[in-house]
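Asker: A structural model of the following input is requested.
(2 chains)
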Amino acid sequence: MRVRIKFTKTGSMKYIGHLDTMRFFQKALRRAGLDVAYSEGFSPHIIMSFAQPLGVGVTSEGEYFDLDMKSLMTSEQMIQLLNAQMPEDISVLSVVKIPEDKANKCMTLVAAADYIIRFKDGEELFDSLKDKLEEFFNKKEIVVLKKTKKNEKMTDIKPLVYSRKIGDKDIFLKLSSGSVDNLKPQLLLNAFFEEQGIKPDTIKLAIHRKELYARKNNKFIPLCRLGEEIK
Amino acid sequence: MRKLALSEEILMQVEKPERYIGGEWNAVMKDKKDVDLRFAFCFPDVYEVGMSHLGIQILYDMFNKMDGVWCERVYSPWVDLDRIMREKNIPLFTLESQDPVKEFDFLGVTLQYEMCYTNVLQVLELSHIPLHSEDRTEDDPIVIGGGPCSYNPEPIYRFFDIFYIGEGEVCYQQLFDVYRECKKAGKSRREFLKEAAKIPGLYVPMFYEPSYNDDGTLADFKPIEKGVPEKIERQIVLDFEHAPYPTKPVVPYIQAVQDRVVLEIQRGCIRGCRFCQAGMVYRPLREKPVEHVKSLAQGLISCTGYDEISLSSLSSSDYEELPKLLDYLMQICPDQGVNISLPSLRIDSFSLDVMSKVQDIKKSSLTFAPEAGSQRMRDVINKGLTEEDILNGAIEAFKGGWNKVKLYFMLGLPFETEEDAKEIAYLCEKVAMAYYDNVPKEKRNGKVSVTASSSFFVPKPFTPFQWASMAKEEEFREKAHTVKDTIRQQLNQKSIHYKYHDPDESVLEGVFARGDRKVADLIELVYRKGAIYDAWSEQFDHQKWLDSFEELGMDPYFYTNRERSTDEFLPWDFIDIGVTKEFMIREWERAKKGIVTPNCRQQCSGCGARKFGGGICYESKN
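Answerer: Numbering: from 1, shown residues only, chains lettered A, B, ... in the order given. Sure, this is the predicted structure:
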């Protein structure tokens, strides 16, 4: 049996790295007393997989992992048991039952992510750059040096920006995400800053991930909606 | 959101920001308005090391259960943050409240190894607390030290207001009561320290003064304040069943060195190895009732969620109820996905049977600690382990499917000859041969692998070797080369890997271990030159130490290489650990003759620990 767990990671928890977040959940699951499944062998471990690592310093209200279980309780019971084991700045939002095949693993499904980006100290600066930002996003192509595990090459990342909105105080971005064409918001904004002749590390950004999506029939669907609530 | 002492900018700049944010599971949060005594507990090393220490977890839990007390943790900032804090003048803070350490009533520092001494100064300075006890004012916390190194506190006497000699469970309540009374009565820091000095087990260095002979040895050591005791007596816990033990240990986010449930099964050791300080200063052996340990085990797994449990003691094989305990753990752990990690057990059929059940034989290695290569040397150090024991253990293990063996040795032990060093190589060869002689070809799981490591012997206070001469760096290197060359001459040399410790660090450790008050100047000077994290090989800067010795006109070999006579007045002689000097002298004489002393379970040797009125001294059948 497999469930998908959605959680938030905010406040000081943004400093906890991806591997440590995994290790945190392994312990929390055991403390919560959920009937999780373990791998075979001499050092059994919990069978779980995360949708998309979250960078250190980034907050989120749309993190996901899939978890194998031996027996289930209701979604509500599991949420309650888990939240009793969460620190202040992590909380479990939903637990849904999902199909067990490989194609439905969150890691495979993830196709897009929503981000909200704020200029940390500088509303004025943000206001002054709004028009330039519009111009930047309206360009036909945005070519940057993109590094992959194997190599680095000049790539047009414009097609990976699915939608964007420059608001009063922040920028909303829907970006391609996942194992194929992952675009980090920092990379996109750094390209903008460089174009403006601003050193990227002089601008402090607060980056917040809102949601992770799968693509189904050309629509983006939040990962938690691809499962059923257990009643 | 909890307030953090460091800005986001700084946290994003340093390696592993998780070291500094606190907020871990089971960390204790209180409202500072609800408490009248705040205790900052420090392990002067990096977070991952400090978080692995059981002693702090025990006292943290005990303090936080006391009315009106809030105990928090603080560790040494890593070198990257250290630099930033100095640059920006950011005061060192505790993890829980993130408040400056300077605001606390007490700063407790656990002293687990000598090489942390410069880090103690780092913690004090970053906390904006004057380094010297005599320069501190009513605005500074009371700085108290404890742990193994406090059995010779003299090399760091100046940096502490109080040293706690013995096990922390015993007299803190009394100290806190005295502190509150003094505060209420408006007494000064000095008046409080005078009251504290009267509590058994507490040593307040500023009330004592040494005098020296012309040759630099200690002539005398006396109280200079009326009413403080001449001798400080070690404090120990006798009733282990009711002694405090943390039921909710703090669980770090980052992987600590000790990333598992740690279950203390006993304190003390029956063995009496003559080089081992722990074996003497934790006497007598006190076992925890197995039912008590069992009940703790499940509770600790449930409230931490760790996937591994380990036993803590100096020699787990000597725990009488070990089979019962392991049976129980093997019953409850696998279903919860919890691994059992076995501490250094004596290798025999019982332990091999247990290990084969809980470990992957193909991947795991077996550890032996013969400590010395020759039987003669093992008798000198009173290591009750014969070559037959080792080879039989290895043969059984090889037959059981293991093919990796680790062997731990010490080099530079008293009365050691070149031949004794060579015997390390011979023993490794015999172990390797035992594999090929006893496991038929078709059953072999590849080649045998023997890893031998040697550390250099550092004489420690309160051991029968406290009078011994410690070898110089060059001798250590020669000995290590002898071992290495001899290994190269063996038939199975390709299966034997040999590693040895850095002799420069060992010699410094030797200076601290048996140092006197003059060593305090050295530690301060080298700290001023920028030394911290000396316990970390990549941070250790030997040149700074050499320069400091020279500048102060100090000779390291006065402390390490000089053999002391048994009537020399030693810097730590004012401490009474309960084990008598007469016993140590007896043991030193027996070592010279290579006579083995029976362990506490076989026969009482009259070490003096019986005076505590408990433990093995009263359980023995003879």
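Asker: For chain B, which residues are neighbours of chain A?
Answerer: Residues of chain B lying close to chain A by Cβ under 8 Å from any Cβ of the partner chain are B:1-2, B:4, B:8-9, B:11-12, B:17-18, B:21, B:23-25, B:251, B:253-255, B:301-307, B:334, B:336-337, B:339, B:358-360, B:363. C-beta here means a position set from N, CA and C on the backbone, and glycine is covered the same way.
Asker: Which among those residues count as buried?
Answerer: Burial by neighbour count, 16 or more other Cβ atoms under 10 Å in any protein chain shown: within these this picks out B:4, B:8, B:11, B:17-18, B:21, B:23-25, B:251, B:253-254, B:301, B:303-307, B:334, B:336-337, B:339, B:358-359.
Asker: Inside helices: which ones of the residues you listed?
Answerer: Here DSSP state H is the test, and these give B:8, B:11, B:301, B:303-304, B:358 as lying in helices.
Asker: how's chain A carved up into domains?
Answerer: Here the domain parsing of chain A from automatic domain parsing is A:2-108+A:222-229, A:110-220.
Asker: Let's have those in JSON lines, adding mean pLDDT and distance to B:Lys593.
Answerer: Output for those, formatted as JSON lines (pLDDT from 0 to 100; distance: least, Cβ to Cβ, whole Å):
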{"stretch": "domain A:2-108+A:222-229", "mean pLDDT": "95", "distance to B:Lys593": "47"}
{"stretch": "domain A:110-220", "mean pLDDT": "91", "distance to B:Lys593": "65"}
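Asker: so which of the ones you listed gets nearest chain B?
Answerer: domain A:2-108+A:222-229 (3.2 Å; Cβ to the nearest Cβ).
Asker: Can you give me the end-to-end span of that closest one?
Answerer: Counting by Cα to Cα, to the nearest Å, you get 12 Å between the two ends of domain A:2-108+A:222-229.
Asker: Could you see whether chain B lies near that domain?
Answerer: Yes. Using Cβ under 8 Å from any Cβ, domain A:2-108+A:222-229 reaches chain B at A:10-13, A:15-17, A:20, A:23-24, A:26-31, A:33, A:36, A:38, A:41-46, A:56-57, A:85, A:87-89.
Asker: Can you say which of those are buried?
Answerer: A:11-13, A:15-17, A:20, A:23-24, A:26-31, A:36, A:38, A:44, A:46, A:56-57, A:85, A:87, A:89.
Asker: Against B:Asp576, how distant is the closest residue to chain A within the stretch 151-300 of chain B?
Answerer: Nearest residue of the stretch 151-300 of chain B to chain A (Cβ to the nearest Cβ) works out as B:Tyr253 at 4.7 Å. B:Tyr253 is 43 Å from B:Asp576, where distance means Cβ to Cβ, to the nearest Å.
Asker: go on, B:Pro229?
Answerer: B:Pro229 is 10 Å from B:Asp576, by Cβ to Cβ.
Asker: As a check, name the ranges of all strands in the stretch 201-350 of chain B.
Answerer: Using DSSP state E, counting those that start in this stretch, the strands of the stretch 201-350 of chain B run over residues B:202-203, B:208-212, B:218-223, B:232-233, B:261-264, B:266-267, B:286-287, B:308-312, B:339-341.
Asker: and these as JSON lines, adding mean pLDDT?
Answerer: Below are the strands of the stretch 201-350 of chain B laid out as JSON lines (pLDDT from 0 to 100):
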{"stretch": "strand B:202-203", "mean pLDDT": "98"}
{"stretch": "strand B:208-212", "mean pLDDT": "97"}
{"stretch": "strand B:218-223", "mean pLDDT": "97"}
{"stretch": "strand B:232-233", "mean pLDDT": "98"}
{"stretch": "strand B:261-264", "mean pLDDT": "94"}
{"stretch": "strand B:266-267", "mean pLDDT": "94"}
{"stretch": "strand B:286-287", "mean pLDDT": "95"}
{"stretch": "strand B:308-312", "mean pLDDT": "93"}
{"stretch": "strand B:339-341", "mean pLDDT": "89"}
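Asker: For chain A, state which of the ones in helices among the buried ones among the residues of chain B next to chain A is nearest.
Answerer: Nearest to chain A among those is B:Leu11, at 5.8 Å by Cβ to the nearest Cβ.
Asker: Find the residue closest to that closest one in space, skipping its chain neighbours.
Answerer: Of all residues not flanking B:Leu11 in the chain, B:Pro17 sits nearest, at 4.0 Å (Cβ to Cβ, 6 or more residues apart in numbering or on different chains).
Asker: Taking chain B, what residue is nearest to chain A?
Answerer: Relative to chain A, the nearest point of chain B is B:Gly305 (3.2 Å; Cβ to the nearest Cβ).
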